[in-house]
Each structure stands twice: as structure tokens, then as C-alpha cells.
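**Q** quick check, what structure comes out for this input:
(2 chains)
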Amino acid sequence: EAGVAQSPRYKIIEKRQSVAFWCNPISGHATLYWYQQILGQGPKLLIQFQNNGVVDDSQLPKDRFSAERLKGVDSTLKIQPAKLEDSAVYLCASSLERTEETQYFGPGTRLLVL
Amino acid sequence: AQSVTQLGSHVSVSEGALVLLRCNYSSSVPPYLFWYVQYPNQGLQLLLKYTSAATLVKGINGFEAEFKKSETSFHLTKPSAHMSDAAEYFCAVSEAGNTDKLIFGTGTRLQVFP
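**A** The predicted model follows:
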């Protein structure tokens, strides 16, 4: 079974530029999560989708971050414009359903904002 | 509100020695508890989880953890460390019945010396 795929793996941009990350969850997984992991901290949930609907985006900085999962499969997370403090690893995870307690994580995208 | 505290951001052991990584939780409702491992440049992988069944939980790679309600703890142990165990370990908590909301600790980096 293929795992959660993410691309790109690394990205370096200058502040005020825009960037987008892509995630393809495990086939058949209805729930998809985006986490932000700042160096030295644990992952923090940014947004959660159930199929193509948003379940929780309470911690997403909506003035600069956006995410979509249009067809209920893969997802894109965008930052526009980026700030220095957005430097982090962005992890995508998926689970079969919201009630399934095990989340499967992708390798992450490491973003450096200069 | 739920939270997790991991005592010790860095733990060093010799190969073959006991591994003990500490996790204390705070939750007003019965918790589900998780340990995830993150190898360099990889995503998080589930080691084990407590979901209100047996209090002693066995996971992959010889790790186990014991849920102690009286101590609000869920420490991770392994009798004999291996070089390949060097990684970052995250404890996480969620609520029974709201298992998709994971709250992570800040992580403990385990170093294993030969």
C-alpha cells in the first residue's frame, strides 16, 4: 500500500513570495490533515478535511494560508505572502475516517523563508 | 483543554541500555494516547497507541508504554536500545470520541551511543 505522498520535499523562498505544497493521501482515506511543525516543536494542526469539506481550520492563519481538497482526494496548501516565521516542515496526514484514531503521515515539505 | 508534556528534550543512552522517554498528559476526559517516531527527514510513524483497553501497550520495534491514570503518565520504554532507535519521539493525546484531534508534545530526541 502506497503511503502519503508530498511534494516538493524542500523549498526555499524569499519573504513575501508565494508557495504551494501538494499532498496525495493513502487511497480511500477520507480524512486529510495539514500540520505545521516548527523546529523544536511538535506538529500543530492547521486544517482538517473530511472528503472535500473543511472540518477544522481554526488554527489556519487565513490572511495568508489557504488549502483546498477539491475532489476529495489530493490537497494543496498555499502560503501567500510568506513570512520568515512560516519556516517549518509542513506535514500531511490521512486517516480512513474521522473516527479512525491512527493518522498516517507523509515525509513532509521543509520550507525555508529567507 | 488537553495537553502533553514531554520531560527532557534530549535523552542519550548507550547501545543495549534501557530507553525511558517520559510523557505526562492533562485531560479532563478519558484520553487516547499515542507515541510517534520521526526519523531524520521523514514523517511521523505510529509506534503504539492506548485506546482505553489494556494499560500496557506493546508497539513496533520492541517499544512499549504503560498508561498510569493515577500518575497521568504514558512513558515509553524499550529494554535494550539499538543504534537504529536514534530519532525524535513525540507523545500525543486526543479525546476518546474525538480521536481526530491530536495534540502533540514538543518531542524528545533520542541519541544512542555505541
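
**Q** enumerate the residues of chain A near chain B.
**A** Where chain A comes near chain B, counting by Cβ under 8 Å from any Cβ of the partner chain, the residues are A:4, A:6, A:9, A:31, A:33, A:40-45, A:48, A:55-56, A:91, A:93, A:95, A:98-108, A:110. No exception for glycine: its C-beta is placed from N, CA and C like everyone else's.

**Q** and the buried ones among those, selectable in ChimeraX?
**A** Only the buried entries of those go into this ChimeraX selection, using 16 or more other Cβ atoms under 10 Å in any protein chain shown:
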select /A:4,6,31,33,42,43,45,48,56,91,93,95,98,101,103,104,105,106,107,108,110
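
**Q** low-confidence stretches in chain A?
**A** Where chain A drops to pLDDT under 70, the residues are A:1.

**Q** switch to 80 and redo it
**A** A:1-2, A:97-101 (pLDDT under 80).

**Q** mind telling me which residue of it is nearest chain B?
**A** Chain B sits closest to A:Gly42 of chain A, with a gap of 3.0 Å, by Cβ to the nearest Cβ.

**Q** so what's that residue closest to, chain neighbours aside?
**A** B:Phe104 (3.0 Å; Cβ to Cβ, 6 or more residues apart in numbering or on different chains).

**Q** burial of that neighbour, as a residue count?
**A** B:Phe104 sits with 22 neighbouring residues when counted by other Cβ atoms under 10 Å in any protein chain shown.

**Q** these two touch, right, it and A:Leu45?
**A** No. When contacts are counted by Cβ atoms under 8 Å, B:Phe104 is not listed as touching A:Leu45 (9.0 Å).

**Q** residue of chain B nearest chain A, please.
**A** Nearest to chain A, among the residues of chain B, is B:Phe104, at 3.0 Å (Cβ to the nearest Cβ).

**Q** against B:Ala54, how distant is that residue?
**A** Per Cβ to Cβ, to the nearest Å, B:Phe104 is found 23 Å from B:Ala54.

**Q** B:Lys101 - how many residues pack around it?
**A** For B:Lys101, the neighbour count with other Cβ under 10 Å is 17.

**Q** you'd agree it is in a strand?
**A** Yes. When classified by DSSP: H, G, I helix; E, B strand; the rest coil, B:Lys101 is found to be part of a strand.

**Q** please report how far it lies from A:Leu60.
**A** B:Lys101 sits 15 Å away from A:Leu60, going by Cβ to Cβ.

**Q** ok, now which ones touch residue 79?
**A** Defaulting to chain A. A:Ser18, A:Val19, A:Ala20, A:Arg64, A:Phe65, A:Asp86, A:Leu111 (Cβ atoms under 8 Å, 6 or more residues apart in numbering or on different chains).

**Q** that was the other one, I meant chain B.
**A** B:Leu18, B:Gly62.

**Q** that's all I had, so thanks and see you.
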